[in-house]
Structure formats: C-alpha cells, structure tokens
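In: sequence first, predicted coordinates after that:
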There are 2 protein chains.
Amino acid sequence: MSLTIVGTVAFDAIETPFGKTDKIIGGAGTYIALAASFFEKNTNLISVVGDDFPEDYLKMLNANSINTDGIQIKKGEKTFFWAGKYYDNMNKRDTLVTELNSLANFDPIVPETYQDTDYLMLGNLTPNIQRLVIERMNKRPKLVLMDTMNFWLNNTLEDLIQTIGLVDVLCINDEEAQQLSGKHSLVKAAEKIQAMGPKYLIIKKGAHGALLFGEGKIFHAPALPLEFVFDPTGAGDTFAGGFIGYLSKTDDISFDNMKNAVIMGSVIASFNIEKFGTERLQEITDKDVSNRIQQFIDLVSFELKPNII
Amino acid sequence: MSLTIVGTVAFDAIETPFGKTDKIIGGAGTYIALAASFFEKNTNLISVVGDDFPEDYLKMLNANSINTDGIQIKKGEKTFFWAGKYYDNMNKRDTLVTELNSLANFDPIVPETYQDTDYLMLGNLTPNIQRLVIERMNKRPKLVLMDTMNFWLNNTLEDLIQTIGLVDVLCINDEEAQQLSGKHSLVKAAEKIQAMGPKYLIIKKGAHGALLFGEGKIFHAPALPLEFVFDPTGAGDTFAGGFIGYLSKTDDISFDNMKNAVIMGSVIASFNIEKFGTERLQEITDKDVSNRIQQFIDLVSFELKPNII
C-alpha cells in the first residue's frame, strides 16, 4: 500500500545525562517516516524546511524509502530548530530553544504523486494544518491516524476538536486523554473521546505501555522494561510511525491487526531511545525486530486458561 | 498444600467519594487470607485482636476456609483501628486515625497445627515480627513471600533489610523498589533487590499492573482498565493473597506458574476494589473468576510472531 505523513522536519540539539549533540535531524515527521518506512516502502512525507537543510539529510530519508517530494524547501529561510535538555532519569525536560522559522507559515502541499495514498498520518502539528492535509487529498484515505499534544489542547482547543472529528484513530498520552475528556478513568476518557469522532483511540502511557480502544474492546501493550534510556526524543513519534507503517504494509485495519501494529510501534520505539536522535532508527535490522518481538511475547505470555477454576 | 499468613486483622472505617463505612473488618491479614482462601482451602492466619472483635467476623473467616487458631484475642484490649478518607479519583488518601491497640505488643504465636505449612506469607507488618514468624516455624516452608511498605523503609530500614534477606519472593510497589534500591530503572532496581536475598521480586504499579522478575526473566501483567474504583483499600493485599493462594493450591513454584499466579492476583484484586472493604471478596464465584481470566487474556493477546518480518 502507500502511506503519506505530514509532520515537522527539524534540527534538534539534545542534551541528556549521557551526552549532547550538535544540530541533528529531528522533528515528528522525520521520526514517524523513519519508523513507518521500516515496514512500508511506499512512504511519502509532507513538510517544510529552510535552505539551510542539508542535502545529505534528504538523501538519508530517500535511502530509507521515504519520498521527499512533499518537503518544501523555503529559500532564504531557516529550518525549524528545537533544543532541549533532559534531567533526572529523563523524567524532566526543559526546552531551551524553539525557533519556528520556516514552519511559521507552513502551507502544506500534497504532491500529485501522493494523492492516491491509502493511509494518512497526521504528525503532531497545528490542528488546522493537519486538517488542511485531509482536505487537500482528492480522496479520503482508507485510514487517517492523528497524533497531537497538550500544547494544542491548551492553545487551540476548538481547532483541535474539529480535526479530531475527522480522523479514524487518535493517538495521545494518558494525561492528554484525561484533559481532553475531563475524565480520570481511561476507560471513561476513551468513551468520551471516541464520541468526538475517532473510532479508535490509542492512549500512550510512556514506560507503562499503551492502550488501544475500539469496537468495544481494549488491548494493552506493555513497554519493554529497560535498564536505561539514552534519549527519549521521538519515542511517541516512532511508536505512531511503527503503528501506521505496519498497518499500511499489511493493509488490514481490523482490531486484531491494530493490536499487532501497537506491538510493532512499541518494538520500534524501544529501539529509538537507545541512541541519540534518529541514529538507532537508521540501523535497525529485521533480526533486531524479530528478536524484540519475541521479547514482547515472552513479557506478556502466560498459560492460565479460564476453565482453570 | 497448606498456607500460613501473618498480618493485621483490624477495624477499618473508610470514606470514599462514593460513601463511607462504620467500623468494618480490615487489615492486611484479612484481605490476604480471604483472597488466598479462594484457591487454598488449607489457609491459616496468624494475628492479634482485642476482645472487642466480633465473633461473627471470626466465623466469617472460618466460613471462608481460614483457620483462625493463630489469631490471639487479647482480653481488656482493643483491636487495631484505622480510619482513612480517599479524595480525587482515589489518588490521594488521608489517614484520619491509627490506633495500634492490641497490635502494639504483638508477639506472633505459630500454633502447632500451622507448623508444617508449605507456603508462608508475611503480610505488611513490622519487619521484626515478620522475621519472628519465619524463625518460629519448625521447618523452612517451600516458599516465603513478603509484602512491606514505605513506612518500614523510612523507619526500620536495617530490620527490613534483614527480613528481606530471608525471603524467596518480595512484593513491593514501584516507588518502594526505587527507594530501596536507589535505582530509577525498575530493571536495575530489581537486580539490586534480588542481590539482597529474594530470588523473585514482584513490583506493583497500581493501575499500570505488575512486573515479576526472576531467573533472569521478566513478566508483565496489566491491571484491568476500570471505569471506576469504588474502594482501593486492600488492593495490594488481595493481589499478594491471590498470588500466594494460587501458588499453594497448584504447588508449582516455577517461573511459568508464578506468571499465572500474578495474573490470578490481579484478577482477585480487580474484584476487591468494586465494593467497600472485603465485601466483594466474600462473594466471588468461580464463574466470576473464569470470566475475568478471559478478560485478562483478551487484554494482552496478540497474533504477531517473531518471523513476521
């Protein structure tokens, strides 16, 4: 099948207790596309950068089967830049710099070659821009997945709710689900959010895994228990990218296959945090993934049967 | 097999957003024994109460296959009393009253009929009293499980570490594991705690489930996602009780069967929070448990295989 992703492509400068980077490639769109393209070799990216964005980064994306025709290069402008520093076991993060630059007036263009895409992923971005991408597709994709964050809940709630009403799957974290729904219980939060439009909801719980809600069913995927996290930047994006990439590759949007896709998202995210930025994502092998799938199976499998009592 | 439990038997007065109780039966020993006796019909309880403790409560325990010969009734003394109030989605709890009463000078007696017990459960209690019970058994039980809490970490750390060194399985929550080990990563915390003595460690994560560590393996059990929690009192105790009761009943202490026991603990705990105090525990049926095991299977099952890549 084919997958189109809209999301930021950026420069990140990251500092963790383990070290720091210069400006490296980052942005939700980058992480999502790299994760998704592990599965879906027909992956398209829509974004915007400045003319300071290195050709080599575009080549790296292309080398990972990512079509970059939809990345606008703005002459005389700079690429979106974010700098952040992690402290204390990665639980606390300070944003040191946010320069929107070319992202400030982002008007997403859907290239003709992207038009018949089967799957659409709206990475974390201004809700109105996410909505524009849906509107600018000639036909409705088979499935639209949306990621977002608390910033849009706090600043553009009305726009956010409008875009949420247009998507099939929403992916947010537990605190965002509670804030959006006004409900503490995630089961009740899910009910309320599904009533806003999305047939399916994924609630990310960080180190505690993720929940998938849909068709009156619930699935729980654990996160892999880890000895340490090197750099958590992009973990949520790679989770979503692994999820949608696997769905697109298998072209099966049943609840059962979405459960598999949640595990695949967790698998890919578990690699991403092992090195700085997208470094680990670029080197994952089939064998790495197979081994980690087995770890997830071992982590949750038990023999108990209902008739044991 | 047979199971002996030491733990408090108490009066609790509980207030939640859903209502409040007068003095009802509570205490870690009570919750553990009621949960365990769902599986193990040869369950013994060691505790102490005052002469204000109603005969009917002892009869209720006996009716649930719990031998109460080891519960000392102190003449002229009162039963341990705790009163607490829950707020805000049960995340916050204030202790309103703690009257140790007969618990203050608790000197545990192991009745002759308990002596050849196969499994021993040390409910949350002064670490020195927990140790005394191990020492007062004529022979080492097949497996000793210990529960504890942050109070003993903060106030009697040396005694606590001594008792931890004597047990096979330790059951604590994530914050306690981090405090005890000085490690943030639960994987590293588990390594360090296992080096203190226990071959197996269960880390409870409340609404996020529980992790079992042992033999170099990790198992993750989710908690059942719930619409609401009526009364969380005793959830951790019933989890431990279900775990040890199932182990004793099946008499299989392999890691694989411990995984089953963790699920059984989660199943029993998920009932306990549906009503005040021990009310729901006293009425669970085999059919209830079978249905809930199926819910746990549905919650975590997926089809993905390592060779899918």
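Out: Received it, and whenever you're ready, just let me know what you need.

In: pull the distance from the helix or strand containing A:Val49 to the chain's centre.
Out: Taking DSSP states H and E as the criterion, A:Val49 maps to strand A:43-50. Its chain's C-alpha centre and that of strand A:43-50 lie 15 Å apart, by Cα atoms, centre = their mean, to the nearest Å.

In: so which residues make contact with the very next helix or strand once past that strand?
Out: Proceeding C-terminally, strand A:43-50 gives way to helix A:55-63 as the next helix or strand, assigned by DSSP H and E. Here helix A:55-63 makes contact (Cβ atoms under 8 Å, 6 or more residues apart in numbering or on different chains) with A:Ile25, A:Thr30, A:Ala33, A:Leu34, A:Leu45, A:Thr68, A:Ile71, A:Gln282. Yep, even glycine has a C-beta here, placed from its N, CA and C like the rest.

In: cool, and stretch A:227-235?
Out: Contact with stretch A:227-235 is made by A:12, A:14, A:16, A:18, A:26, A:28, A:30-31, A:84, A:86, A:89-90, A:269, A:272-278, B:185, B:187-188, as judged by Cβ under 8 Å, 6+ apart.

In: give the other helices and strands that the strand holding A:Val49 contacts.
Out: Counting contacts by 3 or more Cβ pairs under 8 Å, 6 or more residues apart in numbering or on different chains; DSSP states H and E, strand A:43-50 packs against strand A:3-6, helix A:28-36, strand A:66-74.

In: sorry, back to before: select only the buried ones of the contacts of helix A:55-63 in PyMOL?
Out: With 16 or more other Cβ atoms under 10 Å in any protein chain shown as the criterion, this PyMOL line picks the buried residues out of the contacts of helix A:55-63:
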select buried, chain A and resi 25+30+33+34+45+68+71
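
In: can I get the contacts of helix A:55-63 in a markdown table including pLDDT?
Out: Shown next, in a markdown table, are the contacts of helix A:55-63 (pLDDT from 0 to 100):
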| residue | pLDDT |
| --- | --- |
| A:Ile25 | 96 |
| A:Thr30 | 98 |
| A:Ala33 | 98 |
| A:Leu34 | 98 |
| A:Leu45 | 98 |
| A:Thr68 | 98 |
| A:Ile71 | 98 |
| A:Gln282 | 94 |
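
In: what's the farthest-apart pair in the contacts of helix A:55-63?
Out: Greatest spacing in the contacts of helix A:55-63, by Cβ to Cβ: A:Ile71 and A:Gln282 (17.6 Å).

In: please list the residues of the stretch 51-200 of chain A that sit near chain B.
Out: Proximity of the stretch 51-200 of chain A to chain B is confined to A:Asn89, A:His184, A:Ser185, A:Leu186, A:Val187, A:Lys188 under the rule Cβ under 8 Å from any Cβ of the partner chain.

In: where does chain A dip in pLDDT?
Out: Across chain A, the ranges flagged by pLDDT under 70 are A:309.

In: which residues touch A:Phe213?
Out: By Cβ under 8 Å, 6+ apart, the contact set of A:Phe213 is A:Ala190, A:Gln194, A:Tyr200, A:Leu201, A:Ile202, A:Ile203.

In: let's go with 6 Å and repeat that
Out: Contacts for A:Phe213 (Cβ atoms under 6 Å, 6 or more residues apart in numbering or on different chains) come out as A:Ala190, A:Leu201.

In: now it, what's its secondary structure?
Out: The local conformation at A:Phe213, judged by DSSP: H, G, I helix; E, B strand; the rest coil, is strand.

In: state the distance from it to A:Leu224.
Out: 22 Å (Cβ to Cβ, to the nearest Å).

In: also A:Gln282?
Out: Going from A:Gln282 to A:Leu224 by Cβ to Cβ gives 20 Å.

In: returning to what we had before: figure out which of the helices and strands packed on strand A:43-50 is closest to A:Asp159.
Out: That would be strand A:3-6 among the helices and strands packed on strand A:43-50, by Cβ to Cβ, at 15.3 Å.

In: give the other helices and strands that whichever helix or strand comes after the closest one contacts.
Out: Later in the chain than strand A:3-6, the nearest helix or strand by DSSP H and E is strand A:10-16. On a contact count with 3 or more Cβ pairs under 6 Å, 6 or more residues apart in numbering or on different chains; DSSP states H and E, strand A:10-16 meets strand A:24-26, strand A:81-87.
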